[in-house]
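*Asks:* Give me a model of this one.
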Amino acid sequence: MPVYVSSYMRYISVMGRRLDYNGDNLIFRKGDPADFVYLVLKGRVVLEKDSGESEESLGEIFPGQIFGELAVIGNETRICSARAAEPTEVVRFRRSEISELIGHDAGVLDLFFQAMATRIKLLADKLNEVTT
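*Replies:* Predicted coordinates for the structure are as follows:
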């Protein structure tokens with residue numbers, strides 16, 4: 001991980017709450033209120049779609065990346081589940097904390113743009129799989 005990302009994550013993580021998850025721990029479930037945004041400090045998170053009998057992987061989140069960003073965009077429920085794929089440390093931010101961070105540091109906004117671009121690419125790839 002680049003030193004800048006590591007230092008930057010430490011800088012913004014002081015406003016949130018640090019949480020540790022063991023491998024295979026559920027972080028949130030599809031349908032839960034989307035009231036927090038998460039920043040991965042270490043480990044790996046898998047986003048999953050519950051397809052009834054099994055979980056389908058929608059993608060992975062790595063250190064320096066955020067997930068659950070729809071919590072900032074609107075009052076939505078979770079559209080997928082998130083699970084720690086290995087021992088994982090995250091920082092959880094409330095919507096109000098993210099708004100404050102964005103107001104003080106445009107770099108936080110860059111994290112959101114990167115996350116949304118990744119999700120759009122993921123959706124485009126899934127759509128391409130279905131239509132070809």
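
*Asks:* which stretches of the chain have low pLDDT?
*Replies:* Applying pLDDT under 70 to the chain flags residues 1-13, 51-54, 71-72, 75.

*Asks:* Backbone dihedrals for residue 108, please?
*Replies:* phi -70, psi -40 (degrees, to the nearest 10).

*Asks:* Isn't it up against residue 101?
*Replies:* Yes: the pair residue 108 / residue 101 is scored as a contact, 4.5 Å apart, by CB atoms under 8 Å. From N, CA and C alone the C-beta is placed, and that goes for glycine too.

*Asks:* Between the two, which is the more surrounded one?
*Replies:* residue 108 (23 against 20; other CB atoms under 10 Å).

*Asks:* And that one, how close does it get to residue 24?
*Replies:* Residue 108 sits at a distance of 30 Å from residue 24 (criterion: CB to CB, to the nearest Å).

*Asks:* Pick out the residue closest to the middle of the protein.
*Replies:* Taking CA atoms, centre = their mean, the centroid of the chain lies closest to residue 67, which sits 1.1 Å from it.

*Asks:* for this structure, what spans make up the strands?
*Replies:* For the chain, strands defined by DSSP state E occupy the ranges 17-21, 26-28, 36-42, 45-50, 55-61, 66-67, 81-84, 88-94.

*Asks:* ok so, going back, dig out what the residue nearest to the centre of the chain forms beta bridges with.
*Replies:* The partner list for residue 67 in beta bridges (DSSP bridges) reads residue 38.
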